[in-house]
Structure formats: structure tokens, C-alpha cells
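Visitor: any chance you could fold what I've pasted below:
(one chain, ligands or ions: 1)
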Amino acid sequence: MNDLGVLVSGRGSNLEAILESIREGRLKEVRVAVVISSATDARALTIARKFGIEAEVFDFKNLNLTRLEYDRLLTDCLKRHGITSSAGLVVLAGYDKILSPEFVREFSGRLINIHPALLPAFRGLHAQKQALDFGVKVSGCTVHFVVPEVDTGPIIVQKCVEVREDDTEESLSERILKEEHLILSKAIQLFVDGKLRIVGRRVVVS
Ligand code: GRF
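Guide: Prediction:
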């Protein structure tokens, strides 16, 4: 069994999609060992509880820690749940804090993120709005390994979503989100099946 540590900050729909995939047997040999939230009021925490998953909160706003100190709490928590530099996988599923280079190094090659655009376009926040404002005809979502520079790591899976003439930020985000839910589970399965090899900037899928 492969242990996942899922880091969240808000709504938690990607977490929910992972847990449903596991429950329905579409995601195999995987369990969520811990959900870690950076906010006390994240809906993701309710989802974790609903599925009986252990959830820990490190209230970023009120802890007054440096990024490094905060990330050490995360690292220790993940390790307590069996996710280390040589075992398990850390999944950023709507985690809105920038990670310290130390944390990224610790879990290098075992740390993935879901982003709501076709990277390298529209990195950072409000990617769907950035795509609309730019006027692209196609956007989508990306699962990638995390490196210290935000939204630039080797790409594992991408999915295109057509931008419609009458799209709003909400309607485009909603269609992209449906695809996010699918490709995140797909990337996790590829990882736990040992099918991903990072070669320079590329992820070779066998
Ligand atoms: C998703 O759009 C994800 O791509 C981005 O943050 C959002 C999180 O949504 N990184 P949710 O919390 O999984 O519902």
C-alpha cells in the first residue's frame, strides 16, 4: 500500500476526487495516510472526516512561524504518517502556500501539484482568469512534480479544455476542475505503479 499525504487549504474537491477514486477502486494500492490543512476552516477538513481520514491542521495565519519553521511542522507530520524522502507521495491539492526550498528538496520526486492551466502558461494564482484575459482558445490543467520555483516542475499529465466564447471565470474553472479530478488520480496511479521517470525536464511515462 502506498501512503499519500495530501496538503490542502480550501474547498477540497481534488481531495474528495482522490478519496472517491480509492473508494470506488479506480485508484489502486493507495491510501490517504493524512490530510494536512493550512487553514482551520477549510472544507477539505470536513471531507477528510467524512471519509474517516486523519486530518491535521497547522493554522498558518495564527502560528506566526517563518516559512522554514512552518514547513518543518509539515515535514514532521508527514514523517509521523510514513511519508518520507524515500516512501509515499505528497500531493498538493489546492494548497495555497509557497513551500520552502528545504521542504521541496526533502520530498524531491515525491511531491506533485495540480494546476488549473496548461503550464508553462498562466502560472500562479487565478490561472483560469489569466487564460480568459489573454484570450486563449484552449486551456486546461496540469499535474507536475514540484520544484522550488512555483509551477515550473516536470509535467506528468495534462488535459486540454476548450475555452468557449461565452465563458466566464466560473464556467471555465468548473469545466477545468472536472478534468483536474481525473488527471490527478491518473498521475497518482502512474506514480505508485512506478511508471514515472524524471529525465531532466521531462517525465518519461512507461
Ligand atoms: C484547483 O483548481 C487546483 O488546480 C488549484 O486550486 C484549486 C483547488 O481546488 N491548485 P480544490 O480545493 O481541490 O477544490
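Visitor: for stretch 50-67, buried residues please.
Guide: Residues of stretch 50-67 classed as buried: F51, I53, A55, E56, F58, F60 (neighbour count, 16 or more other Cβ atoms under 10 Å). C-beta coordinates here come from the backbone N, C-alpha and C atoms, glycine included.
Visitor: could you tell me which of those are located in strands?
Guide: Using DSSP state E, A55, E56 are the members of the buried residues of stretch 50-67 that sit in strands.
Visitor: in a markdown table: the buried residues of stretch 50-67, plus distance to the ligand and pLDDT.
Guide: Shown next, in a markdown table, are those (distance: Cβ to the nearest ligand atom, whole Å; pLDDT from 0 to 100):
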| residue | distance to the ligand | pLDDT |
| --- | --- | --- |
| F51 | 14 | 98 |
| I53 | 15 | 98 |
| A55 | 14 | 98 |
| E56 | 17 | 98 |
| F58 | 17 | 98 |
| F60 | 15 | 94 |
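Visitor: among the buried residues of stretch 50-67, which two are most distant?
Guide: Greatest spatial distance in the buried residues of stretch 50-67: F51 and F60, 23.4 Å, computed using Cβ to Cβ.
Visitor: and the residue of this structure that's closest to the ligand?
Guide: Residue nearest to the ligand within the chain: G94 (2.7 Å; Cβ to the nearest ligand atom).
Visitor: so what's that residue up against?
Guide: Each residue near G94 by Cβ atoms under 8 Å, 6 or more residues apart in numbering is listed here: V8, S9, G10, R11, G12, S13, N14, L15, A44, I114.
Visitor: so which of those are in helices?
Guide: Using DSSP state H, the subset of the contacts of G94 located in helices is S13, N14, L15, A44.
Visitor: let's see if you can find the most crowded of those residues.
Guide: L15 (30 neighbours; other Cβ atoms under 10 Å).
Visitor: run through the residues that contact it.
Guide: V6, V8, V32, V35, A44, I47, A48, A93, G94.
Visitor: which pLDDT value goes with it?
Guide: Each residue has a pLDDT score; the one for L15 is 98.
Visitor: please, which helix or strand holds the closest residue to A87 other than its chain neighbours?
Guide: Among residues not flanking A87 along the chain, D3 sits closest, at 7.1 Å (Cβ to Cβ, 6 or more residues apart in numbering). For D3, the host element (DSSP states H and E) is strand 2-8.
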